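**Q** Pasted the sequence and its predicted model underneath.
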Amino acid sequence: MPAEITLAVEAGTSLIAANAVCKTYATGDAAGRLVLDHVDFALKEGEIVAILGKSGSGKSTFLRVLAGLTEPSDGFATYRGRPVTAPVQGMAMVFQSFALFPWLTVLGNVELGLEAQGVPMDDRHRRAIAAIDLIGLDGFESAYPKELSGGMRQRVGFARALVVNPDVLLLDEPFSQLDVLTAETLRGDIEDLWRDRRIPTKGIILVSHNIEDAVVLADRIIVFGSDPGCIRADIPVTLPRPRDQANPIFRSLVDQVYALLTTVPGAEAAKRRAEPIGLGYRVPDASIQQLTGLLDALSQPPYEGRADLPKLAESEHLSTDSLMVLVETLQLLGFAQVGGGDIEMLPPGRAFAAADLQHRKQIYADHLRRAVPLAAHIRRVLDERPGHSAPEGRFLAELEDYLSEEEARQVFETVINWGRYAELFAYDIDSGVLSLENP
């Protein structure tokens with residue numbers, strides 16, 4: 001056993017710990033893609049810790065490393081001082097997708113974990129009924145998943161996790177597939193179970209994209225930086241429970257987290273300015289319709305070009321994750337800048353909002369070619385080819401030198417949508433051919 005793990009056993013202070021955890025995924029590039037970079041973390045008994053970060057920052061990968069579902073490339077995770085190399089008894093996980101077996105009833109789905117542990121039938125039946133009652137699904141034991149709403153199906157997921165009496169509960173964006181009211185109700189029920197000690201769980205880790213959820217539930221908020229994923233901030237939340245979202249301290253914490261998620265630290269920002277992004281840059285998956293809509297909204301009253309991000313998200317009915325994607329894209333294109341939890345339109349963004357459709361396309365095309373190497377590369381190839389056309393496979397193969405196949409496809413499709421709007425190039429989805437032809 002490594003010396004570090006021996007010390008963790010002796011100290012006995014952490015339920016779960018991560019020690020310099022790194023994770024690299026293989027790509028066409030020999031170096032691979034570094035997703036997690038030397039992450040150190042500890043969950044103490046009696047804590048709820050929320051992990052927030054932009055999409056693709058590695059927070060879900062980190063949770064899977066802690067759960068023993070993904071092996072780290074370097075470093076290690078421990079549970080009560082023992083190395084985590086595979087899923088261990090004592091931890092249970094709730095995923096963002098409901099992940100229920102459609103051919104099993106609610107009772108059957110909840111009993112599965114107990115059956116895997118070899119619990120006798122009568123005992124697992126009794127414990128499953130108790131868990132179903134605890135999570136508010138009494139009366140639906142014989143129902144099948146297709147008969148349940150999204151919120152009820154996620155309750156089954158919680159019951160299935162709680163029935164094994166987990167020491168640690170790992171929640172991977174468990175409310176993200178639910179509507180706002182259903183998510184708020186389920187979150188409140190989980191908070192009540194924890195506060196009233198009606199579950200034996202000693203600690204909870206919540207991966208979320210919702211800042212308000214994190215401030216409501218967590219004792220600490222971990223903010224992940226991205227490219228690669230690392231812990232950028234560890235913020236204590238000392239407000240008494242239940243928490244009042246109108247409390248100025250609550251709002252201040254929300255603003256603080258928004259600012260951390262939307263700004264780049266000084267040294268990192270300087271590095272990015274000095275090193276332009278490359279062909280394989282993972283552009284944010286932003287819809288052109290949402291981008292133009294947000295610029296239009298920002299340019300008008302009450303904002304007049306500047307807005308507080310939490311208020312903007314609320315008034316424009318945007319989830320935190322959606323807003324972060326749009327804000328990152330506006331910064332990438334040079335249309336806006338962010339500081340202190342506020343977003344401010346830059347002159348090109350104001351010019352875009354004031355322009356007619358054709359002038360908007362021209363502005364967008366100019367900024368897209370300057371800011372996104374893939375868009376400029378596609379246009380350059382099409383300009384140089386005698387027939388002014390090229391198969392998509394040529395560009396996907398280049399992207400896969402830097403990204404996974406799935407990531408390459410996502411980046412390609414996003415840039416294609418942006419380029420089509422800007423009329424930089426055309427794309428035939430049936431043949432998979434890009435060209436300069438304007439239909």
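**A** Happy to help now that I have it.

**Q** residues contacting the residue nearest the centre of the chain?
**A** When C-alpha atoms, centre = their mean is applied to the chain, the residue found nearest the centroid is S55 (3.9 Å). Applying C-beta atoms under 8 Å, 6 or more residues apart in numbering to S55 gives the contacts 209, 284-285, 321, 324-325. All C-beta spots, glycine's among them, are computed from the backbone N, C-alpha and C.

**Q** what's the spacing between it and V39?
**A** Separation of S55 from V39 (C-beta to C-beta, to the nearest Å) stands at 18 Å.

**Q** circling back to that earlier point, please tabulate the contacts of S55 in CSV, including the columns pLDDT.
**A** Converted to CSV, the contacts of S55 look like this (pLDDT from 0 to 100):
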residue, pLDDT
H209, 83
P284, 88
D285, 90
D321, 78
M324, 85
V325, 88
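
**Q** of these, closest to E406?
**A** D285 (11.9 Å; C-beta to C-beta).

**Q** Reduced to three states, what does the nearest residue to the closest one once chain neighbours are set aside come out as?
**A** Leaving aside its sequence neighbours, D285 sits nearest to T414 (C-beta to C-beta, 6 or more residues apart in numbering; 5.2 Å). Assigned with DSSP: H, G, I helix; E, B strand; the rest coil, T414 falls in the helix class.

**Q** Please apply the same query to Q337.
**A** Secondary structure, three-state DSSP: Q337 is strand.

**Q** picking up where we left off before, surely the residue nearest to D285 meets R282?
**A** No. T414 is beyond contact range of R282, at 9.4 Å (criterion: C-beta atoms under 8 Å).

**Q** ok, now how distant is the residue nearest to D285 from Y281?
**A** 11 Å.

**Q** what does D321 give?
**A** 19 Å.

**Q** where does H367 land on pLDDT?
**A** We have a pLDDT of 95 for H367.

**Q** That one: what's it in contact with?
**A** 333-335, 348 are the contacts of H367 under C-beta under 8 Å, 6+ apart.

**Q** Double-check that it belongs to a helix.
**A** Yes. Under three-state DSSP, H367 sits within a helix.

**Q** So for stretch 36-51, first residue to last residue, what's the gap.
**A** Using C-alpha to C-alpha, to the nearest Å, the end-to-end distance of stretch 36-51 comes to 14 Å.

**Q** Only the buried residues of that stretch, if you could.
**A** Judged by neighbour count using 16 or more other C-beta atoms under 10 Å, the buried positions of stretch 36-51 are 36-37, 39, 41-43, 47-51.

**Q** Can you give the domain ranges for the chain?
**A** 3-262, 288-353, 355-435 (automatic domain parsing).

**Q** Tell me which of these sits nearest to I277.
**A** Judging those by C-beta to C-beta, what sits closest to I277 is domain 355-435, at 6.4 Å.

**Q** Show me what secondary structure element comes after the host helix or strand of L15.
**A** Assigned by DSSP states H and E, L15 falls within strand 14-25. Sequence order places strand 33-44 as the next helix or strand after strand 14-25, per DSSP H and E.

**Q** Report the angle between the next helix or strand along the chain from that following strand and strand 33-44.
**A** Per DSSP H and E, the first helix or strand lying C-terminal to strand 33-44 is strand 48-52. With axes from the mean of the first three to the mean of the last three C-alpha atoms, to 10 degrees as the basis, strand 48-52 and strand 33-44 are set at 160 degrees to each other.

**Q** pLDDT on the helix or strand just after strand 48-52, on average?
**A** Going down the chain from strand 48-52, the next helix or strand is helix 59-67, by DSSP H and E. Mean pLDDT, helix 59-67: 91.

**Q** I'd guessed L193 sits against I204; true?
**A** No. Using C-beta under 8 Å as the test, L193 is too far from I204 to be in contact (10.4 Å).

**Q** Who has more neighbours out of these two?
**A** I204 (22 against 17; other C-beta atoms under 10 Å).

**Q** who touches the helix or strand hosting that one?
**A** According to DSSP H and E, I204 maps onto strand 203-208. For strand 203-208, contacts defined as C-beta under 8 Å, 6+ apart pick out 15-16, 43-52, 59-60, 62-63, 66, 167-176, 194, 213-214, 217-218.

**Q** burial count for V325?
**A** For V325, using other C-beta under 10 Å, the count is 22.

**Q** does the residue nearest to it when sequence neighbours are not counted sit in a helix, a strand or a coil?
**A** Closest residue to V325 apart from its sequence neighbours, by C-beta to C-beta, 6+ apart: P284 at 4.5 Å. What three-state DSSP gives for P284 is coil.

**Q** about what we covered before: weakest of the domains of the chain by average pLDDT?
**A** Among the domains of the chain, domain 3-262 scores lowest, at a mean of 85.

**Q** Distance from that one to the middle of the chain?
**A** Here the centre of domain 3-262 is set off from its chain's centre by 13 Å, with C-alpha atoms, centre = their mean, to the nearest Å.

**Q** picking that back up, how near is the residue nearest to V325 to F62?
**A** 20 Å.

**Q** Which parts of the stretch 101-250 of the chain are helices?
**A** 106-116, 121-134, 150-162, 180-195, 211-217, 248-262 (DSSP state H, counting those that start in this stretch).

**Q** could the ones you listed go into TSV alongside distance to F95?
**A** As requested, the helices of the stretch 101-250 of the chain are exported to TSV (distance: least, C-beta to C-beta, whole Å):
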stretch	distance to F95
helix 106-116	13
helix 121-134	17
helix 150-162	7
helix 180-195	14
helix 211-217	16
helix 248-262	23
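
**Q** To A397, which of those helices lies closest?
**A** With C-beta to C-beta as the criterion, A397 lies closest to helix 248-262 of these, at 33.4 Å.

**Q** Show me what the closest one is packed against.
**A** Judged by 3 or more C-beta pairs under 8 Å, 6 or more residues apart in numbering; DSSP states H and E, the packing partners of helix 248-262 are helix 211-217, strand 220-225, strand 230-236, helix 309-315, helix 320-333, strand 336-339.
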